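Student: coords please:
(2 chains)
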Amino acid sequence: DAKTTQPTSMDCAEGRAANLPCNHSTISGNEYVYWYRQIHSQGPQYIIHGLKNNETNEMASLIITEDRKSSTLILPHATLRDTAVYYCIVRFNTNAGKSTFGDGTTLTVKP
Amino acid sequence: DAGVTQSPTHLIKTRGQQVTLRCSPKSGHDTVSWYQQALGQGPQFIFQYYEEEERQRGNFPDRFSGHQFPNYSSELNVNALLLGDSALYLCASSDPLAGGPLTGELFFGEGSRLTVL
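Tutor: Next comes the predicted model:
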């Protein structure tokens, strides 16, 4: 699985959009970009994933650059409950079990 | 629909002891993976079980072993505990043949927090 690089921490004002970047310059053609988050003392929770096109669901949007070497997770209207560690993972769509997590980005949403 | 359940939620052991952690996967899932998460770090893959066999293994010593039962539930065993084994142990289940956009997606339990004294 390709390695990812994320900032250690970010702050965001409540109600504003949170934009979390991820670099994955060694991604291969068939690898997907996945995002999970982990709220304190809980298990990681799936947010969204994509291959080439931008994706949106009820939780977030995922923007993948045309060369696929980086992506951005967007939480459109951050709330205090979005405070968590966000992990960007790059892997093949099969064999989800062996996912390589980095240390993620700690997002703190402030009132 | 019950999600992934793990037990116990917390436990304390001393060095040299052995521990067994348990996991029941999400209904319909047949593949279980175990992760170790040290404080302040991301989860690290230990191993994966499918059809009652260990299919993949991460960089963990043989002190870490596991088992999967016919009902797809799983156990993680750690022998000769070290202080460094203190961590949150996460179980995740998936269904590689589910099909659709969430094929092979991982669903995590809340974890078992092990403290080794």
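Student: give the rounded mean pLDDT of the helix or strand harbouring residue A:106.
Tutor: If you go by DSSP states H and E, residue A:106 is part of strand A:105-110. Across strand A:105-110, the average pLDDT comes to 97.
Student: try stretch A:40-47
Tutor: Rounded mean pLDDT across stretch A:40-47 is 90.
Student: pull the residues that contact that stretch.
Tutor: Contacts with stretch A:40-47, where a contact means CB atoms under 8 Å, 6 or more residues apart in numbering or on different chains, come from A:34-39, A:57, A:59-60, A:73, A:84, A:86-87, A:101, B:4, B:43, B:90, B:92, B:102, B:105-111. For every residue, glycine as well, the C-beta is placed using N, CA and C.
Student: show me which of those residues are buried.
Tutor: Buried members of the contacts of stretch A:40-47, scored by 16 or more other CB atoms under 10 Å in any protein chain shown, are A:34-38, A:60, A:73, A:84, A:86-87, A:101, B:4, B:43, B:90, B:92, B:105-111.
Student: for residue A:81, phi and psi?
Tutor: When quoted as degrees, to the nearest 10, the phi and psi of residue A:81 stand at phi -70, psi -10.
Student: burial of it, as a residue count?
Tutor: Around residue A:81 there are 9 other residues, counting by other CB atoms under 10 Å in any protein chain shown.
Student: surely residue A:105 touches residue A:86?
Tutor: Yes: between residue A:105 and residue A:86 there is a contact under CB atoms under 8 Å: 4.9 Å.
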